[in-house]
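[1] Please find the sequence and the predicted model below.
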Amino acid sequence: MKIGVMLRNFGEKGGIVVYATNLLKALFALDQKNQYVLMYRNKEETGSFAHFPNVEEKAVPAPNKLFWDQIAVPRFAKREKLDIIFNPKLSIPLFTSCKTVWVMHGGAQFVVPRCFSWSDRFYFSIANRLYAKKATAIITMTSLGAGDIVKYMGADPKKMRVIPESYNEQCRVLKSEEMLPVKKKYDLPDRFILFVGGLTPLKNFGNLLRAYKKIKDFLSHKLVVVGFNRWKFSQDLQLMESLGLKENVIFKGFVPDEELPSFYNLAQLFAFPSVYEGFGIPALEAMACGCPVIVSRTGCSREVAGDAALLIDPYDPADIAESIKRILTDQVLRKGLIEKGLRRVREFSWKKCAQKTLSLFESL
């Protein structure tokens with residue numbers, strides 16, 4: 001087969017790009033039979049997978065995102081005689097004779113629409129239903145996400161394929177001397193609670209701040225934030241100021257994958273109170289590093305974490321605060337969560353994700 005992969009978003013940051021990068025590396029290492037043609041909008045990104053023998057990388061120019069998705073890619077697919085078009089992020093061409101595999105990372109846009117702008121809500125309400133109808137197959141990461149896509153986007157349940165992703169496999173339990181360079185470089189405190197993620201209303205950082213305010217005088221832990229500002233982040237920064245937490249919350253910005261394991265290892269707790277996650281890679285990363293985790297009861301995080309995390313109500317700062325306090329003070333609970341987390345992550349790998357994805361391609 002000749003499989004085209006849409007990588008218009010490849011240069012961005014965030015979980016979806018982590019998914020695309022790691023899946024493709026595992027897929028190309030696994031599959032030596034099929035030919036892959038990677039399509040980029042940005043010519044500078046070609047060469048990212050040049051060392052794989054059955055991979056071609058092509059720049060497909062277009063004046064804007066919509067033109068690229070719906071006109072440039074179908075034209076390219078016809079010229080290159082592609083059999084399948086696969087997009088790891090949220091769209092597919094609507095007018096193409098190729099079979100299409102649409103990856104939809106859960107149903108956040110419909111389940112919690114208030115977290116998005118009115119223009120995004122308008123676009124998603126139309127486009128996602130069209131993609132769900134057009135796609136030959138739809139990949140999502142959890143059973144809950146699959147149900148949301150069927151319920152809100154009208155997808156045919158027979159098209160759905162639940163294929164869990166994985167996590168940064170550099171994440172593991174580290175020795176003290178391995179963590180020391182990162183601790184010094186970022187001037188990390190001895191005791192801290194860790195949050196990892198781009199600041200958006202979905203991540204619910206505001207309620208984490210409210211929870212932290214309730215317990216900061218009881219505990220000596222700082223709150224360390226790793227990630228980057230995405231949309232509507234200013235309201236969280238304003239809240240931090242109004243709660244008087246400026247001296248207690250430490251922003252470290254975007255951290256490279258190779259340094260992130262040290263943050264998880266050094267933290268006493270990883271807090272992940274998102275109102276909706278399509279999967280939630282950081283929770284697994286923390287578990288792999290032996291860091292106890294809290295995740296929300298809402299969204300797909302609960303399904304991913306299993307019994308290896310303490311579940312919280314993301315809309316109740318008091319519940320978040322009490323859960324943080326429990327993990328930091330109850331050593332039996334803490335030890336149990338760490339052990340369960342280290343077992344839980346063994347169930348996930350990019351190789352498994354690639355094997356299931358390849359099986360889907362071959363079934364088409």
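    Noted; the coordinates are in hand.

[2] which intervals of the protein have sub-threshold pLDDT?
    Where the chain drops to pLDDT under 70, the residues are 230-233.

[3] Show which residue of it lies farthest from the average position.
    Arg79 (33.2 Å; C-alpha atoms, centre = their mean).

[4] Let me know whether my guess that it is in a strand holds.
    No: read with DSSP: H, G, I helix; E, B strand; the rest coil, Arg79 is helix and lies in no strand.

[5] quick one: Gln238 from Asn168, how far?
    31 Å (C-beta to C-beta, to the nearest Å). (Each C-beta comes from the backbone N, C-alpha and C, glycine too.)

[6] of those two, who's got more company?
    Each of Gln238 and Asn168 has its neighbours counted (other C-beta atoms under 10 Å); Asn168 has more, 20 against 11.

[7] residue boundaries of the strands in the chain?
    2-6, 35-40, 55-59, 84-87, 99-103, 137-140, 160-162, 192-196, 222-226, 249-253, 269-272, 293-296, 310-312 (DSSP state E).

[8] right, so those: which one is the most enclosed?
    Neighbour counts (mean count of other C-beta atoms under 10 Å) averaged over each of the strands of the chain peak at strand 293-296, with a mean of 28.

[9] who does that one pair up with?
    Taking DSSP bridges as the criterion, strand 293-296 sits next to strand 269-272 (parallel), strand 310-312 (parallel) in its sheet.

[10] what's the closest of the ones you listed to Trp350?
    Closest to Trp350 of the strands paired with strand 293-296, according to C-beta to C-beta: strand 269-272, at 20.6 Å.

[11] what's that closest one in contact with?
    Around strand 269-272, the neighbours that count as contacts under C-beta atoms under 8 Å, 6 or more residues apart in numbering are 193-197, 208, 221, 264, 280, 282-283, 286, 291-296, 301, 309, 320, 324, 327-328.

[12] okay but Asn265 is in contact with Leu180, surely?
    No: using C-beta atoms under 8 Å, Asn265 and Leu180 do not qualify as a contacting pair, with a distance of 10.8 Å.

[13] who has more neighbours, those two?
    Neighbours per residue (other C-beta under 10 Å) separate Asn265 from Leu180, with Asn265 holding more: 22 against 13.
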